[in-house]
Each structure stands twice: as structure tokens, then as C-alpha cells.
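S.K.: Got a predicted structure plus its sequence, pasted below:
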Amino acid sequence: MLDTEFEILSNKLIAKNTWELVLRGDTRGIAPGQFVNLKLPGFYLRRPLSVCDFDAGALTLIYKVVGHGTEALAALPVGTALDVLTGLGNGYDTGPSGPRPLLIGGGAGVPPLYALAKALLREGKTPAVILGFNSAGEVFYREEFRALGLEPAVTTVDGSCGIKGFVTDAMDVPYTYFYTCGPEPMLKAVYQRSVTSGQFSLEERMGCGFGACMGCTCKTKTGHKRICKDGPVLTKEELAW
């Protein structure tokens, strides 16, 4: 974990209630699937956000405006300095992926799969991608995945873009392993539909973000685990679903 100061390079709306935040700062130690914790002016608790992308000097985060904290974040201008805890959580393990991993993201669970896709491509893997949303107005990062040479399958609940239905309706493709992130009902549906082992990035309300407060524990087959410290990524075999 690294506590450092980042500067806002851009903060823009990219889909319905969905914003892309690009920060300049020290990104050492960050890996796909990890998250950061932002300290916002005027708020006591930090805001955890999954890592979407990063390079040697910049960090990209995507967030949905759902309350007072994220409303305040969306209003911050370019040049604002933010205190950020980085390198939190365990991230995805690309080792067991095999040659054709499947990446499944739902809504706000899409961002961490982008950095993961780049990592898998660097390893010579060929990931398939499924992005799920409620409607066409909420779709984001489709073109960014295409720019990587991937053609994501898009599903929308109302059928206004791509396949009508849920991400599980697009899972009938060959794959050697899977990675997924999204709301818990979606994750449980993927768990039931999947035919291989895989890794799940879980979402829980967090306090400290580094395992001290025990506020984000979940029950697994081997006991209770802290999502911020022991996760957010857990394997299919660990989940008590």
C-alpha cells in the first residue's frame, strides 16, 4: 500500500451517470484487479474505486455517480490534488487463465477487466469479452476494447444495444478460464452458468480499505474473508454459493 498525492488530469462523463477520472501520480505496485481509496475534501470515509488502467505516470478510474461522495468527485476540476491509497487488494492472477480466457463485466464491474485484458494480451493470450449493461445509454469502453484488437459482446437488459438479456446469455463461447466483476446477482448467475474455474472480483462497502476495520467481510468455504485485504478477487472454489 502506498499513500501518495495524485493530480486530476481529466474528469469527464462517458456514459449515463458514469465518469472517467484520469490522475497523474506514482503508480508503482498497481496491478489489474486492485483498487485505490480516494480521500475527498469534506468527507470522512475514503471512496474505493477499482483500477481501470495505468501506466508509468497515470491512473484511470471509472465511477458511477450514486451519492453525495461521487457527486462531489464529479465536480472536482482538472488540477485538483487528491490523497490516494494505491495498491490495495490482491488483484487478478493471470497464471491459470489458459490461452482463451473469458472476461465478463457488468456495469461498474467493467473497468478492472480493461487492465486485465491488456495484461493477458501481453502474455500472448486471446481473451473473449462480454460487457453487460441495462441500456444503450450506459454502455462504455466498447471502443477501448476494440482498440486492443478485441470485439466485446455487449448485452443490454432492454435490448437497446447488442444482445438482449444478461451477460450469461452471451457465455456460450469456448473458453479456458474466466474472470468477472459486477453486482452480486450477476456474479452468482455467472457462477451457476460457468463451466470452468475462474476468479470473481467482489464489491462490498468498505471503511479503511486495508483490512483493519473488518467492515467488508464475507463468508467463504474456508471462513470469513475481508474483501479489501483477502480480496477483492476470490476464486470460484472459495465462494460459498
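M.R.: That came through, no problem.

S.K.: need the contact list for Tyr9.
M.R.: Careful, residue 9 is Leu; it's not Tyr. Val22, Leu23, Arg24, Ala58, Val78 (Cβ atoms under 8 Å, 6 or more residues apart in numbering). For the C-beta atoms, the positions are set from N, CA and C on the backbone; glycine is no exception.

S.K.: From those residues, list the buried ones, please.
M.R.: Buried residues within those, counting neighbours by 16 or more other Cβ atoms under 10 Å: Val22, Leu23, Ala58.

S.K.: C-terminal to the helix or strand where the second one lies, what's the next element?
M.R.: Assignment of secondary structure by DSSP states H and E places Leu23 within strand 18-24. Taking DSSP H and E as the definition, the helix or strand that follows strand 18-24 towards the C-terminus is strand 35-39.

S.K.: What helices and strands are in contact with the helix or strand following that following strand?
M.R.: Proceeding N to C from strand 35-39, the next assigned helix or strand is strand 47-54, under DSSP H and E. Here strand 47-54 touches strand 35-39, strand 58-64, helix 68-74, helix 111-122, going by 3 or more Cβ pairs under 8 Å, 6 or more residues apart in numbering; DSSP states H and E.

S.K.: Nearest to Lys219, out of the ones you listed?
M.R.: strand 35-39 (21.0 Å; Cβ to Cβ).

S.K.: Can you spell out which helices and strands pack onto that closest one?
M.R.: Other elements packing on strand 35-39 under the criterion 3+ Cβ pairs under 8 Å, 6+ apart are strand 47-54, strand 81-88.

S.K.: most tightly surrounded among those strands?
M.R.: Most buried of the helices and strands packed on strand 35-39 by mean neighbour count (mean count of other Cβ atoms under 10 Å) is strand 47-54; its value is a mean of 23.

S.K.: partners of that strand in the sheet?
M.R.: Strand pairing for strand 47-54, determined by DSSP bridges: strand 35-39 (antiparallel), strand 58-64 (antiparallel).

S.K.: So which bits of the shortest one are buried?
M.R.: Right, strand 35-39. Here strand 35-39 shows Phe35, Val36, Asn37, Leu38 as buried, counting by 16+ other Cβ under 10 Å.

S.K.: swap in stretch 139-156?
M.R.: Neighbour-count burial for stretch 139-156, counted by 16+ other Cβ under 10 Å, picks out Val139, Phe140, Tyr141, Arg142, Glu144, Phe145, Leu150, Pro152, Ala153, Val154, Thr155, Thr156.

S.K.: Can you check which of the helices and strands packed on strand 47-54 gets nearest to Leu13?
M.R.: Of all the helices and strands packed on strand 47-54, helix 68-74 sits nearest to Leu13, with 7.7 Å by Cβ to Cβ.
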